[in-house]
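**Q** Got a sequence here, can you model it:
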Amino acid sequence: MLRADDSYYVFGSHLASAKSDDLMTRKQISNGVQSGNPLIPNVRSELKETFEWAKTNTLWAADVIQLADGKFYMYYNACKGDSPLSALGVAVADSAEGPYKDLGIILKSGMPG
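**A** Residues are numbered from 1 along each chain as shown. Down below sits the predicted model:
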């Protein structure tokens, strides 16, 4: 969970996210690893290297933080689940709600067969 500008944000798998101002009710912001997702609108092309390495078409739950520069950094992970191939990367945005721009993969695991 992330608190920014008097709102609370939660990020889940498959680029899902929601926002709450009172921690009692929430509004869905995004859901689905697909074009038009407000977090990463062109997700297939933006994270192409990640999806190709991990041999998957989805993402695990992201972690988003706001650093001292005021920007929001999303740490994302792609892994097929039954494969040792995974990729951990980071993307940046000016708003917790995106759009995030990929800065690239910071760690790859596994060896392609």
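**Q** Break down the protein into its helices, ranges please.
**A** Secondary structure of the chain, counting by DSSP state H: helices at 43-46, 48-54.
**Q** Mean neighbour count, these: which tops it?
**A** Burial of these is given as mean neighbour count (mean count of other CB atoms under 10 Å); helix 48-54 ranks first at a mean of 18. In short, each C-beta sits where N, CA and C put it, glycine included.
**Q** who touches it?
**A** With contacts defined as CB atoms under 8 Å, 6 or more residues apart in numbering, helix 48-54 is touched by 44, 57, 76, 78-80, 83, 85-87, 89, 102, 104-105, 108, 112.
**Q** got it, and stretch 17-36?
**A** Contacting residues not belonging to stretch 17-36 are listed as 6-12, 14-16, 37-39, 41-44, 57-59, 96-98 [CB under 8 Å, 6+ apart].
**Q** What residues of it count as buried?
**A** For stretch 17-36, the neighbour count (16 or more other CB atoms under 10 Å) marks 17-19, 29-30, 33 as buried.
**Q** and what of stretch 80-93?
**A** Taking 16+ other CB under 10 Å as the basis for neighbour counts, the residues of stretch 80-93 that come out buried are 85-91, 93.
**Q** if you look at the buried residues of stretch 17-36, which of them are in strands?
**A** Of those, the ones assigned to strands by DSSP state E are 17-19, 29-30.
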